[in-house]
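Trainee: I'd like to go over a predicted model; first the sequence, then the structure.
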Amino acid sequence: MVRCVVRGKKELAALSDGYRESEESWAELLRDLKKRGMWPPVSAIGDGALGFWAAARDVFPQTRSQRDRVHKTVNVLDALPKAVYRRANKAIHEITEAENEEEAEQAIEVFADEFGTKWPKAVAKIVDERETLLTFFDFPAEHWVHLCSHKPIDSTVAPVRVHTDVTRRPGSRAAGVAMIYKLLEAQEGRWRRINGYHLVPLVRAGGRFMSGELVERSEEQKIAT
């Protein structure tokens, strides 16, 4: 598991073997992080792994969820006939790449109108998870590229995969975890900071953003009235 700290630098937070879809495996890892003093993450990004989300809600209920848009797109397209892939893919991009939340909401309605009659299950994958799909709008626009996808995390693991794919079996689970840890430790110094890292302390302090822009207190009062 990789985290972004206040300085905007990605750090290896934990490494453990377990079952990817297992709620208990994820909960054990998250509880260990909490026990070691890690603050509740402001947001967590992932695919549809139900075990992770269930564990995160239990251990860090304050943490907001953001669904990975690449995996979400694939999941939706899998529920549609290939004949409409191009149209549907374009419509989904109108949602996930909208400039603001209002445009994204409008794009969701357009998507539902176009595909909902014939393929309600595919549309439900967007409509029923619209909140977790659009969480990123409540964060600085500079962070959107990181929040919309967990590719920044995948990229940290890629060099490990290169080595493990060509390496013989480590002999035991413990040896495998140790090998992966050393590979990640060697790569950690080369992980780059996230875009707009100077805004991370503001996000951690509870600064409010709307469609990527910081909302001043006076503006918040206007919205409230």
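Mentor: Received, thanks.

Trainee: In a strand, Gln66, correct?
Mentor: Yes: the assignment for Gln66, made by DSSP: H, G, I helix; E, B strand; the rest coil, places it in a strand.

Trainee: which ones are touching it?
Mentor: If a contact means C-beta atoms under 8 Å, 6 or more residues apart in numbering, then Gln66 has Ser43, Ala44, Ile45, Gly46, Thr132, Leu133, Thr135, Phe136, Leu147, Cys148 as its contacts. (Glycine included, C-beta is placed from N, CA and C.)

Trainee: The fifth one: neighbouring residues, count only.
Mentor: By the other C-beta atoms under 10 Å criterion, the neighbourhood of Thr132 contains 16 residues.

Trainee: pLDDT score assigned to Ala178?
Mentor: For Ala178, the pLDDT comes out at 83.

Trainee: element containing Ala44?
Mentor: For Ala44, the element it lies in under DSSP states H and E is strand 43-46.

Trainee: elements contacting that strand?
Mentor: For strand 43-46, the elements it packs on are helix 50-59, strand 64-67, helix 144-147, judged by 3 or more C-beta pairs under 8 Å, 6 or more residues apart in numbering; DSSP states H and E.

Trainee: And the contacts of the first one?
Mentor: With contact meaning C-beta under 8 Å, 6+ apart, helix 50-59 is reached by 19-27, 29-31, 34, 44, 46, 63, 65.

Trainee: Please tell me how far the residue nearest to the spatial centre of the chain sits from Ala54.
Mentor: Nearest to the mean C-alpha position of the chain, by C-alpha atoms, centre = their mean, lies Ile45 at 1.6 Å. Distance from Ile45 to Ala54, counting by C-beta to C-beta, to the nearest Å: 16 Å.
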